[in-house]
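Engineer: Okay, here's the prediction I keep looking at, along with the sequence it came from:
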Amino acid sequence: MKYKKLAGLVVAAGLVASLAACSGGRGATTGSGTDNKGALVGVAMPTKVDQRWIADGNAVKADLQKDGYKVDLEYANNDIPTQVQQINTMITKGAKILIIASINGGSLTDQLDSAAKAGIKVISYDRLLTGDKNVDYYVSFDNYKVGVYQANSLLTGLGVLDANGKKTGKKGPFNVEVFAGSPDDNNATFFYNGAMDTLKPYFADGTLVVRSGQTSFKSVAIQGWDPATAKARMQDLIAKSYSNGQTVQGVLSPYDGLSDGILSALQGAGYGSGGKQLPIITGQDAEIASVKQIIAGTQYSTIYKDTRKLANQAAVMANDLLTGKKPAVNDTKSYNNKVKVVPSYLFQPVVVTKDNYKSVLIDSGYYTASQLQ
Ligand code: BGC
């Protein structure tokens, strides 16, 4: 009898233990309120080469620290194995939330699965994590619109559209070349599609001409968003398609770093001197070096994305998850990561040219006037 009772107790204890183990699974660490006070949050950023990620990382960290969380902020030098390693370490160290801006959106599925098993929630930061169901939220900008804005500013710079976006009647033809971002970054296709959908009618009616004939995403994408690769491609385009007296009048560039490489190739080929005008060149990120080029008139435009807002939203989402609240989202249909539609919070981009850089970038406190001198 005594023995039976004891056995029963052991079974009951085992049940309690296994129930506890169950509740220690996915979701148990988040949503349990005060338990998560001072919890560790892992923040994985791709690189310090692009100035924006430094600003993003610092802002996310500062916002999380204000909420009392510990932060492990890591940069992966654009190297996928390094980022994999950094995220594995964050999981081992007991992070409760991961905020990830990936290098290759599809290369972290093992880490996402391990995170889910450990009850860690994942926020995909700016770049969508793809190919896995264990992506809880996405914070980014309206990336398709970024591409639309880049294309519109190219058209405005060429004089095809006026400042209000109305057709001027100017028909060119204008010689333009097209660049896209890294094929492993989900954003790159969004930018490209937004831009090409906007430019398509102007290619069709002959207002814009791509002398190289290279317009498919595959033929214009720049692996790793590498400025040197963009420079080499521009040099190649100039040599092969513009050696007959034709000149390049516009370049659709999706990112300031690439614009810089493109500009350098053009200047090396004599553009910007001796009466050979530099083309209209677009960009993205409002990097300080590029805003200076815009002020100097060598780059036409960039797209400003207020990374302070993005960083803050990621921190707010993390805090919500750690205190048992459901994070707010404003888009539940645009971002399918090949396995599911990831609930998203998206911000709006803004076109910046010489005409509005002061009000957009300085008056908003994003940069000081002296940073742009
Ligand atoms: C970001 C852009 C950035 C690019 C290169 C994209 O994923 O959305 O803001 O210009 O990566 O770093």
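Structural biologist: Received, thanks.
Engineer: Sketch out the strands for the stretch 251-373 of the chain, chain order is fine.
Structural biologist: Ranges of strands within the stretch 251-373 of the chain are 280-281, 302-304, 344-347, 350-352, based on DSSP state E, counting those that start in this stretch.
Engineer: Give the pairing partners of the last one; include direction for each.
Structural biologist: Translated: strand 350-352. strand 302-304 (antiparallel) (DSSP bridges).
Engineer: What mean pLDDT does the strand it pairs with get?
Structural biologist: Averaged across strand 302-304, pLDDT comes to 98.
Engineer: If you count neighbours, what's buried in that strand?
Structural biologist: Going by neighbour count (16 or more other Cβ atoms under 10 Å), the buried part of strand 302-304 is 302, 303, 304. Where C-beta positions appear, they are placed from N, C-alpha and C, glycine not excepted.
Engineer: and the ligand, which of those reach it?
Structural biologist: Here nothing survives when these are matched to the ligand using Cβ under 6 Å from any ligand atom.
Engineer: Can you tell me which of the residues you listed lies closest to residue 241?
Structural biologist: Closest approach to residue 241 among these (Cβ to Cβ): residue 302, at 25.5 Å.
Engineer: Now the closest one: closest residue in space that isn't a chain neighbour?
Structural biologist: residue 283 (4.0 Å; Cβ to Cβ, 6 or more residues apart in numbering).
Engineer: Same check on residue 282?
Structural biologist: residue 150 (4.5 Å).
Engineer: Please name the residues that touch the one you found.
Structural biologist: Residue 150 sits next to 191, 194, 195, 252, 253, 254, 282, 283, 284, 301, 303 when contact means Cβ atoms under 8 Å, 6 or more residues apart in numbering.
Engineer: Isn't the last one up against residue 149?
Structural biologist: Yes. Look at residue 303 against residue 149 with Cβ atoms under 8 Å: they come within range, at 5.7 Å.
Engineer: residues near residue 120, how many?
Structural biologist: 26 (other Cβ atoms under 10 Å).
Engineer: Which pLDDT does the model give it?
Structural biologist: Residue 120 is given a pLDDT of 98.
Engineer: Look up how far residue 69 lies from it.
Structural biologist: 14 Å (Cβ to Cβ, to the nearest Å).
Engineer: With residue 243 instead?
Structural biologist: 58 Å.
Engineer: Contact residues of this structure facing the ligand?
Structural biologist: 50, 52, 126, 127, 181, 185, 187, 225, 255, 284, 285.
Engineer: Next up, the contacts around the fifth one.
Structural biologist: With contacts defined as Cβ under 8 Å, 6+ apart, the neighbours of residue 181 are 187, 188, 191, 192, 221, 222, 225, 254, 255, 258.
Engineer: Just the buried residues of these.
Structural biologist: Buried among the contacts of residue 181 by 16+ other Cβ under 10 Å: 187, 188, 191, 192, 221, 222, 225, 254, 255, 258.
Engineer: Columns distance to residue 133 and pLDDT on top of those residues, output as CSV?
Structural biologist: Shown next, in CSV, are the buried ones among the contacts of residue 181 (distance: Cβ to Cβ, whole Å; pLDDT from 0 to 100):
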residue, distance to residue 133, pLDDT
187, 21, 98
188, 23, 98
191, 26, 98
192, 26, 98
221, 27, 98
222, 30, 98
225, 27, 97
254, 29, 98
255, 30, 98
258, 33, 98
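Engineer: So which of those are in helices?
Structural biologist: Judged by DSSP state H, helices contain the following of the buried ones among the contacts of residue 181: 187, 188, 191, 192, 258.
Engineer: Quick check: of these, which lies closest to the ligand?
Structural biologist: The closest of those to the ligand turns out to be residue 187 (Cβ to the nearest ligand atom; 3.9 Å).
Engineer: So what's the residue count around residue 275?
Structural biologist: Quick note: residue 275 (other Cβ under 10 Å) scores 5 neighbours.
Engineer: Now it: phi and psi?
Structural biologist: phi 80, psi 0 (degrees, to the nearest 10).
Engineer: got it, and the one 10 residues further on?
Structural biologist: Geometry field for residue 285 lists phi and psi as phi 110, psi -10, criterion degrees, to the nearest 10.
Engineer: same deal with residue 161?
Structural biologist: According to degrees, to the nearest 10, residue 161 has phi -110, psi 150.
Engineer: and what of residue 145?
Structural biologist: phi -70, psi -30.
Engineer: what's the answer for residue 245, then?
Structural biologist: phi 90, psi -10.
Engineer: pLDDT at it, what is it?
Structural biologist: pLDDT, residue 245: 89.
Engineer: and it, how far is that from the ligand?
Structural biologist: According to Cβ to the nearest ligand atom, to the nearest Å, residue 245 stands 34 Å off from the ligand.
Engineer: Where does residue 197 sit: helix, strand or coil?
Structural biologist: helix (DSSP: H, G, I helix; E, B strand; the rest coil).
Engineer: Could you count how many residues lie near it?
Structural biologist: 13.
Engineer: Any figure for the gap between it and residue 307?
Structural biologist: 26 Å.
Engineer: Find the nearest non-adjacent residue to the residue of the stretch 1-150 of the chain found nearest the ligand, please.
Structural biologist: Proximity of the stretch 1-150 of the chain to the ligand (Cβ to the nearest ligand atom) peaks at residue 50, 4.1 Å away. Computed as Cβ to Cβ, 6+ apart, the closest residue to residue 50 that is not its neighbour in sequence is residue 257, at 5.8 Å.
Engineer: Check residue 198 too.
Structural biologist: residue 151 (3.7 Å).
Engineer: For the host helix or strand of the one you found, buried residues please.
Structural biologist: Taking DSSP states H and E as the definition, one finds residue 151 inside helix 143-158. Buried residues in helix 143-158, counted by 16+ other Cβ under 10 Å: 143-158.
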